[in-house]
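Peer 1: Sequence plus predicted model, see below.
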Amino acid sequence: MKTHLTKHLVIAGLSLAVVGCSSFSAFDEAQQAQMEAEGPPARHDVALQGAPQPAKPAGAVAAPVLPSVQNSSPLYVTPGLYDGAAYQATRMSAQKMQQHYQPQVGVNVNHYVQGMMHDLVANLDMVKQGMIIGVTSFVYLDGAYDQTDLFGNQLSEGFMHEIHQFGLDVVDFKTTDFIRVTPKGDFVFSRDFMELREEQPIEYVLGGTLVQHQGGTLVNARIVSVASKKVLASAQSFVPQHVVSAIQPSALPGKLYLKQGE
């Protein structure tokens with residue numbers, strides 16, 4: 001009797017196991033068919049604001065858009081917020097780590113102008129709101145102070161840009177009160193003092209001297225008060241010769257033409 005009951009229980013258990021396996025197999029087949037009919041599961045991508053969005057089919061749910069992180073810090077700081085001590089410490093530590101001079105590839109004269117402008121702002125004695133600065137050409141220390149070359153004029157142009165970037169007022173006194181229209185172009189700048197204003201609202205001037213050195217040129221820059229002639233800030237830099245030579249004059253040198261005599 002007991003053997004017969006045990007036999008029936010074993011047969012019932014095997015039947016349940018077979019039914020369960022077939023049920024799981026049928027469930028997997030139904031799930032696989034549903035996935036093939038609906039396609040891959042939807043992705044929950046997070047898009048950034050301002051980024052180009054790909055085209056989506058009709059009825060698709062749009063991904064949430066998060067606001068992009070914008071850097072609100074300006075590229076240049078005002079002189080009042082400029083941390084000159086930290087800049088000088090960082091620059092000195094970088095110079096100590098560099099054992100020997102290595103010319104930087106792809107660096108032009110504006111790179112050195114920017115460094116000198118940082119030094120000028122770092123040791124500026126006084127910062128006056130609305131102070132107006134005029135920039136003059138850099139002249140050679142051992143030459144005439146009323147003559148310069150393309151390098152000296154480019155230094156003044158570079159400093160004019162950097163002063164404006166630092167938030168200080170700069171005056172271009174070479175701007176005339178008219179526009180000269182000619183067949184070769186329209187011009188507003190002039191180096192003829194008869195065409196310029198006699199009085200300019202300039203309180204301070206930025207200028208300096210140049211010294212030719214073996215392997216480059218030494219540049220001495222300073223900001224001077226027009227009224228008191230007091231030096232408010234100064235900076236020095238060494239511009240390698242390959243950077244100075246990279247400035248090319250646009251005008252061709254004079255040529256001597258020969259012609260047949262009579």
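Peer 2: Ah, there it is. Numbering: from 1, shown residues only.
Peer 1: Any chance you could list what contacts stretch 233-247?
Peer 2: Contacts of stretch 233-247 with the rest of the structure, by CB atoms under 8 Å, 6 or more residues apart in numbering, involve 103, 107-109, 112, 115-117, 119-121, 123-125, 150-151, 154, 213, 215-223. C-beta here means a position set from N, CA and C on the backbone, and glycine is covered the same way.
Peer 1: And the residues you listed, which of them are buried?
Peer 2: Buried subset of those (neighbour count, 16 or more other CB atoms under 10 Å): 109, 112, 116-117, 119-121, 124, 151, 154, 216-217, 219-223.
Peer 1: Let's see which of those end up in strands.
Peer 2: Using DSSP state E, the members of the buried ones among the contacts of stretch 233-247 that fall within strands are 216-217, 219-223.
Peer 1: Out of the residues you listed, which is nearest to residue 145?
Peer 2: Nearest to residue 145 among those is residue 220, at 13.3 Å by CB to CB.
Peer 1: Check that closest one and give its pLDDT.
Peer 2: On pLDDT, residue 220 comes in at 97.
Peer 1: just residue 238 next, same as before
Peer 2: For residue 238, the predicted pLDDT is 95.
Peer 1: again with residue 130
Peer 2: 77.
Peer 1: any idea how far residue 168 is from it?
Peer 2: 9 Å (CB to CB, to the nearest Å).
Peer 1: higher neighbour count, the two?
Peer 2: Using other CB atoms under 10 Å as the criterion, residue 130 and residue 168 rank with residue 168 on top: 23 against 7.
Peer 1: Can you say which helix or strand has the closest residue to that one other than its chain neighbours in it?
Peer 2: Closest residue to residue 168 apart from its sequence neighbours, by CB to CB, 6 or more residues apart in numbering: residue 133 at 5.9 Å. Here residue 133, judged by DSSP states H and E, is contained in strand 132-135.
Peer 1: Can you list the strands that that strand pairs with?
Peer 2: If you go by DSSP bridges, strand 132-135 pairs up with strand 169-171 (parallel), strand 204-213 (parallel).
Peer 1: Just the residues contacting the very next helix or strand once past that strand, thanks.
Peer 2: Next helix or strand after strand 132-135 toward the C-terminus (DSSP H and E): strand 139-140. Identification of contacts with strand 139-140 by CB under 8 Å, 6+ apart yields 145-148, 152, 207, 209-212.
Peer 1: Now restrict those to buried residues only.
Peer 2: 148, 152, 207, 209-210.
Peer 1: what stretches of the stretch 151-262 of the chain score poorly on pLDDT?
Peer 2: 251-262 (pLDDT under 70).
Peer 1: Do a quick rundown of the helices in it.
Peer 2: According to DSSP state H, counting those that start in this stretch, the stretch 151-262 of the chain carries its helices in the segments 241-245.
Peer 1: Could you find the closest non-adjacent residue to residue 218?
Peer 2: Once flanking residues are discounted, residue 218 sits nearest to residue 211: 4.2 Å by CB to CB, 6+ apart.
Peer 1: if I look at that neighbour, how far off is residue 139?
Peer 2: For residue 211, the distance to residue 139 - CB to CB - is 11 Å.
Peer 1: picking that back up, the residue nearest to residue 218 touches residue 141, doesn't it?
Peer 2: Yes - look at residue 211 against residue 141 with CB atoms under 8 Å: they come within range, at 5.0 Å.
Peer 1: ok so, going back, ok, the residue nearest to residue 218 - contacts?
Peer 2: Residue 211 sits in contact with 140-142, 217-218, 220, where contact means CB under 8 Å, 6+ apart.
Peer 1: Could I get the residues you listed in TSV, plus columns for distance to residue 183?
Peer 2: Shown next, in TSV, are the contacts of residue 211 (distance: CB to CB, whole Å):
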residue	distance to residue 183
140	37
141	41
142	42
217	38
218	43
220	42
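Peer 1: And the ones in strands among the buried ones among the contacts of stretch 233-247, which is closest to residue 87?
Peer 2: residue 221 (16.4 Å).
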